[in-house]
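Q: sequence first, then the predicted structure:
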Amino acid sequence: MPHHRPTGNESSHCAGSPSSNRSNRRWLDEARTILAFLHLATRCHGMILDGTARQFNLDLPSAWIATEQDYLQHLAAAARLEHATILK
């Protein structure tokens, strides 16, 4: 049987914390007409948990925990995009 590595969402549920995965869209323009990329992170107790954001900029933390507003602002800047948003 293949080994299943739990996602951040599954791990936090195992630890008793309610959480949900969030898909983040990155747009190339404020009019939101050009999608730059889609990225998955976990939201738990109003905070965003992201262990893979360094793919956009090595200056980002390897285990990043931030408020939603700070996360979107800093991730957009790190990826050199005008805007980032979270799909709910």
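A: Arrived safely.

Q: what packs against the strand ranked longest in the chain?
A: Longest strand in the chain by number of residues (criterion: DSSP state E): strand 35-44. Where contact means 3 or more C-beta pairs under 8 Å, 6 or more residues apart in numbering; DSSP states H and E, strand 35-44 is packed against helix 8-14, strand 20-27, strand 47-50, helix 68-78. (Glycine included, C-beta is placed from N, CA and C.)

Q: and the angle from the last one to strand 35-44?
A: Right, the one you point to is helix 68-78. Angle, helix 68-78 to strand 35-44, by axes from the mean of the first three to the mean of the last three C-alpha atoms, to 10 degrees: 150 degrees.

Q: go through whichever helix or strand comes after helix 68-78 and flag the buried ones.
A: Per DSSP states H and E, helix 68-78 leads on to strand 83-87 as the next helix or strand towards the C-terminus. The neighbour-count check on strand 83-87 (16 or more other C-beta atoms under 10 Å) flags 83-84 as buried.

Q: sheet-wise, list the partners of strand 83-87 with their directions.
A: strand 20-27 (antiparallel) (DSSP bridges).

Q: then the longest strand of the chain to CSV, C-alphas only?
A: C-alpha atoms of strand 35-44 as CSV (Å, rounded to 0.1, in the frame of the first residue of the first chain):
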residue,chain,number,x,y,z
LEU,A,35,-4.8,34.9,-14.5
ALA,A,36,-1.2,34.4,-13.6
PHE,A,37,-1.4,31.2,-11.5
LEU,A,38,-3.3,29.2,-9.0
HIS,A,39,-1.7,28.2,-5.7
LEU,A,40,-3.0,26.1,-2.8
ALA,A,41,-2.6,27.0,0.9
THR,A,42,-4.5,26.2,4.1
ARG,A,43,-6.7,28.6,6.2
CYS,A,44,-7.0,27.8,9.9
